[in-house]
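Asks: No letters, just coordinates:
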């Protein structure tokens, strides 16, 4: 895939409770420089005041006193201008965020009513669709995935080498249809209102869904739809979760792990597996210190629902539904096999389904998660625990993250941008903004970010392993492949 034309600047959504509003990376950086300038000027004012107190002066008169007075006046003006500049930027960012929140609230309310109306008036059609997951998922999603793969990817065995199918071929030749920010927001709204549709399909009046909000049925938004699809699919022998087992382990210790620690977001994204092994684990050791671990998780391998691959559509739905997908259990089995202790510090890195699995692992509380970095992941309905720091990255023209509904404001820094500029000739791939190459371009922009808000998170994730290597530590790499124990479902 060719290098995508930059479609937009980085937009940074800071952690909840940070007191910083949503803004572009450049605006965040400008505000940071304004605050720093005001602080420097205030410190200089203090130095000048100290100098004035030491000047024997002639009763406060004379050339030295005059110079000190002028300096204090000029510094006061610098402070005033810097504060005014920073306040104006903050007001602009807050106005943008307030308008966005008001629009979102209105859209969620409308989408809930639409979902209820759809569920009430099309109950029979809805249930018919949900009871045929092979048609809904196998035809569309699997075809789209196969259409997006080149022959070299299919030759690795990670996908069917057959024809891409009618749906996949159509998406591949018309990528603009699924690469619109408007469509992405529509998908996000549909996902958020799926609980209202399910409640209405069960006969509840629209007011019930509105009154219960996101607590309907004990799960939120898209989780209701995913749970319903899995339950109905199970009645037909499809979308059934199974046990998993590790079938291959590769260990590369010491000198064999010549890469060293990744030196930024682009490096970490590049280490996410896309070959036969779905899981990569890096162990960092240093004299007298407990081990640190970095876990990299593969995206969806196949959209099949009946094979031996744990990174499949069944796992996608189970993860969105908040259950225990095979892909998550495979990652946790690999971590135990590698020797990760419950108290060891871990950071997770994942792309697409791998990002969802990484977020679910962090959410579980079973691991001492200190860092998380996801790309193009449907994690809007995942509750990231307090204390977990890192980045979650998405494209406003990538519909995959939108399938989990709106993102929560949590302790992560959310970074988004449009992958392709309006009117660009998009590559003939299914969902080009979701391709790993598109996120690689964004990761490079993140590595070059100007704002301290982004730079600090990138540095924190990088120093996690590098700090150990800087004091004579060692890196060991583990690679794992997992399979479902029971194949032939559905």
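Replies: Ah, there it is. Please read these numbers as outputs of a predicted model, since none were measured by experiment.
Asks: Now the longest strand along the chain: buried residues?
Replies: The longest strand of the chain (DSSP state E) is strand 474-484. Across strand 474-484, burial judged by 16 or more other Cβ atoms under 10 Å covers 475, 476, 477, 478, 479, 480, 481, 482, 483, 484. Yep, even glycine has a C-beta here, placed from its N, CA and C like the rest.
Asks: Would you mind putting those residues into TSV with distance to residue 444 alongside?
Replies: Formatted as TSV, the buried residues of strand 474-484 follow (distance: Cβ to Cβ, whole Å):
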residue	distance to residue 444
475	23
476	28
477	23
478	27
479	25
480	28
481	29
482	31
483	34
484	36
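Asks: which one among the residues you listed gets closest to residue 438?
Replies: Taking Cβ to Cβ as the measure, residue 438 lies nearest residue 479 of the buried residues of strand 474-484, at 25.1 Å.
Asks: residue contacts, the closest one?
Replies: Going by Cβ atoms under 8 Å, 6 or more residues apart in numbering, residue 479 touches 248, 249, 250, 252, 273, 277, 279, 280, 281.
Asks: In helices, which of the residues you listed fall?
Replies: Using DSSP state H, no member of these falls in helices.
Asks: Please enumerate the strands of the stretch 301-450 of the chain.
Replies: Counting by DSSP state E, counting those that start in this stretch, the stretch 301-450 of the chain has these strands, from start to end: 345-351, 368-375, 389-395, 413-417.
Asks: Quick one: low-confidence residue ranges for the stretch 351-490 of the chain.
Replies: Within the stretch 351-490 of the chain, the stretches with pLDDT under 70 are 409, 487-490.
Asks: and with 80 instead?
Replies: 407-409, 430, 486-490 (pLDDT under 80).
Asks: Same check on the chain?
Replies: Using pLDDT under 80, the chain drops low at 1-7, 16-174, 186-229, 231-238, 254-258, 275, 306, 407-409, 430, 486-490.
Asks: Is residue 269 in a helix, a strand, or coil?
Replies: Secondary structure assignment for residue 269 (DSSP: H, G, I helix; E, B strand; the rest coil): helix.
Asks: residues contacting it?
Replies: 349, 351, 375, 436, 439, 440, 443.
Asks: number of nearby residues for the last one?
Replies: With neighbours defined by other Cβ atoms under 10 Å, the count for residue 443 comes to 24.
Asks: in stretch 281-294, what counts as buried?
Replies: Applying 16+ other Cβ under 10 Å to stretch 281-294 flags 281, 282, 283, 284, 286, 291, 292, 293, 294 as buried.
Asks: The first one pairs with what?
Replies: Read it as residue 281. Taking DSSP bridges as the rule, residue 281 bridges to residue 295, residue 478.
Asks: show me what contacts it?
Replies: Each residue near residue 281 by Cβ under 8 Å, 6+ apart is listed here: 293, 294, 295, 296, 334, 335, 338, 340, 477, 478, 479, 480.
Asks: if we go to 7 Å?
Replies: For residue 281, the contacting residues are 293, 295, 334, 335, 338, 478, by Cβ atoms under 7 Å, 6 or more residues apart in numbering.
Asks: can I get the residues you listed in CSV with distance to residue 328?
Replies: Putting these into CSV (distance: Cβ to Cβ, whole Å) gives the following:
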residue, distance to residue 328
293, 16
295, 11
334, 11
335, 11
338, 16
478, 17
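Asks: which one among those residues gets closest to residue 402?
Replies: Nearest to residue 402, judged by Cβ to Cβ, of these is residue 295 at 25.3 Å.
Asks: What spatial separation is found between that closest one and residue 315?
Replies: 16 Å (Cβ to Cβ, to the nearest Å).
Asks: Just the terminal-to-terminal distance for stretch 320-334.
Replies: One end of stretch 320-334 to the other measures 22 Å (Cα to Cα, to the nearest Å).
Asks: quick one, what contacts residue 259?
Replies: Contacts of residue 259 (Cβ under 7 Å, 6+ apart): none.
Asks: redo that, cut-off 10 Å
Replies: Contact partners of residue 259, counting by Cβ atoms under 10 Å, 6 or more residues apart in numbering, are 252, 267, 270, 271, 282, 475, 477.
Asks: does it sit in a helix, a strand or a coil?
Replies: Following three-state DSSP, the label given to residue 259 is coil.
Asks: and if you look at the one 4 residues further on?
Replies: Each residue gets one of three states, and residue 263 gets coil by three-state DSSP.
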